[in-house]
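S.K.: Build me a structure from this.
(one chain, ligands or ions: 2)
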Amino acid sequence: MPRTEDKGNEWPPRSATEADIDSWEERLEEEREAKRVNDEIDRLIELERQELKKRKPQAKLLLLGQSEAGKSTLLKNFQLHFAPKAFHAEAEAWRAVIHLNLVRAVNFILESLHIPTQAPSPASSSVSYRSTSSLSTVSSGSRHGNSDALRALRMRLSPLRQVELILHRRLSVEGPSPTSPREQERGQPSAPPRQPDLAVKVRSGWKALARIRRPTSSTNQDELQDTRQIIDACADDIVALWADESVQAGLRERKIDLEDHYIFFLDNASRVSSLRYIPSTEDILRARLQTIGVEEHRLALETVDAGSEWIFYDVEGCRGQRAAWAPFFDDVNAMIFLCPMSNFDVTLKEDPTINSLLDSFNLWKSICESKLLADATFILFLNKMDLLNKKLKSGVKFSDYVSVYKDQPNDAENIALYFRRKLSAVHKHASPKARALHIHMTCAIDTKTMSTILKRVKDVILITTLKDTAMI
Ligand SMILES: Nc1nc2c(ncn2[C@@H]2O[C@H](COP(=O)(O)OP(=O)(O)OP(=O)(O)O)[C@@H](O)[C@H]2O)c(=O)[nH]1
Ligand SMILES: [Mg+2]
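M.R.: Ligands and ions are numbered 1, 2, ... in the order given. All right, here's what the predicted structure looks like:
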């Protein structure tokens with residue numbers, strides 16, 4: 001080893017032995033090796049960082065709002081617009097849900113109107129028909145005219161009770177079980193019907209359960225095929241029941257307002273009941289399936305930014321379930337809130353003492369105030385614009401239910417503007433300045449308007465996610 005002399009410092013020192021020099025060299029070599037390993041680790045970390053940057057970010061989105069606000073319908077829209085192949089691939093699974101929506105509505109009508117299955121004896125008929133209108137059979141108009149025809153109709157539609165039970169079981173439906181067929185067969189007037197909670201409730205994973213796999217080998221799959229054949233055989237009678245004047249009058253007499261989606265499937269009963277039926281996009285968007293708990297849905301984008309994944313958390317909107325939402329507030333990029341504007345004149349199904357609109361406003365306020373969502377972007381959908389319009393056109397006055405709206409025009413655009421101002425003021429008051437708010441007026445079953453709106457929402461989600469990724 002050559003000696004170096006620098007300002008009197010000599011290296012290695014003259015006193016160093018050969019052994020010392022060897023050990024120093026060994027140490028130097030070890031240090032060089034350690035540095036080489038460290039550099040390699042740094043290089044790999046940097047490579048990974050670059051790779052992460054290149055990889056499409058994953059967005060986490062939370063759907064919130066009261067029950068029936070349209071959260072799951074909005075999720076279907078996201079799927080339709082950004083993962084259409086996956087959306088259409090699920091059409092067959094939706095058929096069972098749509099059939100359950102239809103038969104549930106039919107069975108409810110038959111049950112509510114107390115159409116006996118057997119001709120009443122003179123004595124029992126006098127008791128039945130002399131009762132008050134809420135307990136009389138169908139409507140007063142049917143007493144003399146077509147009650148025999150309705151009775152025959154009911155007899156022919158009775159297999160739909162069994163179909164409802166099978167579809168319930170098939171989809172692992174939770175919630176109130178349908179009235180037993182034996183009770184139905186007795187055909188006796190029971191207590192006056194409550195405005196029902198007809199919502200179809202299923203557990204997650206139902207889509208796999210609802211598919212018919214061919215060739216059909218198990219009893220379950222044959223069973224599902226049987227239900228389709230029964231519904232097909234009942235098609236004309238379902239159409240006749242729904243078209244019957246006395247049935248319509250009976251529903252009006254009992255103040256039974258079937259929900260929009262049930263009316264839609266009854267109006268389309270002939271098409272929906274056909275053995276060749278494949279659900280259309282609108283059918284799928286209209287199908288009502290109540291969410292249970294909090295469901296996670298992963299959307300692999302196909303049309304834009306292919307390869308990215310959006311994870312949606314779709315919650316059950318009932319009041320009793322809202323405490324379960326909080327753990328999902330943390331760590332989401334955007335919170336999407338749906339406020340159904342048409343619900344101003346109704347109360348909550350789960351608590352008839354609470355006005356639905358007030359509940360939505362209060363829910364929005366508490367979400368805006370949530371510290372757990374401090375970093376999330378807020379996207380607000382003022383939904384059910386079409387139903388708001390329809391209601392106002394039927395003569396219902398918004399100001400009768402919202403007194404501060406007095407003396408203002410009873411039209412949907414103006415009322416939507418009121419919602420917009422009111423909800424953004426709540427947000428502004430409750431929310432830190434940094435939290436962004438994007439507002440859209442929507443009709444979640446209108447694919448054309450949703451397409452335009454979702455294009456804008458997609459940009460918001462991408463920007464939000466990229467910003468959050470950059471912060472990491
Ligand atoms: N006419 C009309 N119907 C809508 C609209 N949005 C949703 N719906 C219907 O309203 C019903 C309820 O919608 P969902 O999406 O199931 O409601 P949700 O908020 O997920 O309700 P939960 O799961 O109970 O919390 C469905 O039958 C939808 O088709 C809308 O803008 N207009
Ligand atoms: Mg839902």
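
S.K.: SS state for the closest residue to ligand 2 within the stretch 351-472 of the chain?
M.R.: Nearest residue of the stretch 351-472 of the chain to ligand 2, counting by CB to the ion: residue 444, 11.2 Å away. Using the backbone N, CA and C atoms, a C-beta is placed for each residue, glycine as well. Using DSSP: H, G, I helix; E, B strand; the rest coil, the structure places residue 444 in coil.

S.K.: Now for it: which residues touch it?
M.R.: By CB atoms under 8 Å, 6 or more residues apart in numbering, the residues touching residue 444 are 70, 73, 74, 77, 285, 338, 381, 383, 384, 450.

S.K.: May I ask which helix or strand encompasses the fourth one?
M.R.: Per DSSP states H and E, residue 77 falls inside helix 71-82.

S.K.: Tell me the first helix or strand C-terminal of that helix.
M.R.: helix 84-89.

S.K.: Other residues contacting that following helix?
M.R.: 76, 79, 80, 281, 284, 299, 300, 302, 303.

S.K.: For the chain, what lies in contact range of ligand 1?
M.R.: Residues of the chain that fall close to ligand 1, judged by CB under 6 Å from any ligand atom: 65, 67-73, 260-261, 285-286, 288, 290-291, 316-317, 383-384, 386-387, 443-445.

S.K.: Now with 5 Å, please.
M.R.: 67-73, 260-261, 286, 288, 290-291, 316-317, 383-384, 386-387, 443-445 (CB under 5 Å from any ligand atom).

S.K.: and the closest residue to ligand 2 within the stretch 151-300 of the chain, how many neighbours?
M.R.: Closest contact between the stretch 151-300 of the chain and ligand 2, by CB to the ion, is at residue 291 (3.2 Å). Other residues near residue 291 come to 21 when the count uses other CB atoms under 10 Å.

S.K.: Residue ranges in this protein under the pLDDT threshold?
M.R.: Scanning the chain for pLDDT under 70 picks out 1-12, 49, 51-57, 116-146, 172-221, 468-472.

S.K.: thinking again about what came up before, would the helix holding residue 77 count as contacting ligand 2?
M.R.: Yes. Counting by CB under 5 Å from the ion, contacts between helix 71-82 and ligand 2 involve 71, 72.

S.K.: what does that helix rub up against?
M.R.: Where contact means CB under 8 Å, 6+ apart, the residues beyond helix 71-82 that reach it are 63-65, 86-87, 281, 284-285, 289, 291, 297, 299, 301-304, 310, 312, 314-315, 317, 336, 338, 381, 383, 442, 444-445, 447, 450-451, 454, 458.

S.K.: residue boundaries of the strands in the stretch 251-400 of the chain?
M.R.: Taking DSSP state E, counting those that start in this stretch as the criterion, the stretch 251-400 of the chain contains strands spanning 294-300, 309-315, 334-340, 377-383.

S.K.: JSON lines for the ones you listed, including distance to residue 409 and mean neighbour count?
M.R.: What follows is the strands of the stretch 251-400 of the chain, written out as JSON lines (distance: least, CB to CB, whole Å; neighbours: other CB atoms under 10 Å):
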{"stretch": "strand 294-300", "distance to residue 409": "39", "mean neighbour count": "15"}
{"stretch": "strand 309-315", "distance to residue 409": "35", "mean neighbour count": "20"}
{"stretch": "strand 334-340", "distance to residue 409": "20", "mean neighbour count": "25"}
{"stretch": "strand 377-383", "distance to residue 409": "17", "mean neighbour count": "24"}
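
S.K.: can you put those strands in a markdown table and add distance to ligand 2?
M.R.: A markdown table is the format used below for the strands of the stretch 251-400 of the chain (distance: least, CB to the ion, whole Å):
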| stretch | distance to ligand 2 |
| --- | --- |
| strand 294-300 | 8 |
| strand 309-315 | 6 |
| strand 334-340 | 10 |
| strand 377-383 | 12 |
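
S.K.: Redo those strands as JSON lines? Include distance to residue 364.
M.R.: Formatted as JSON lines, the strands of the stretch 251-400 of the chain follow (distance: least, CB to CB, whole Å):
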{"stretch": "strand 294-300", "distance to residue 364": "19"}
{"stretch": "strand 309-315", "distance to residue 364": "14"}
{"stretch": "strand 334-340", "distance to residue 364": "6"}
{"stretch": "strand 377-383", "distance to residue 364": "8"}
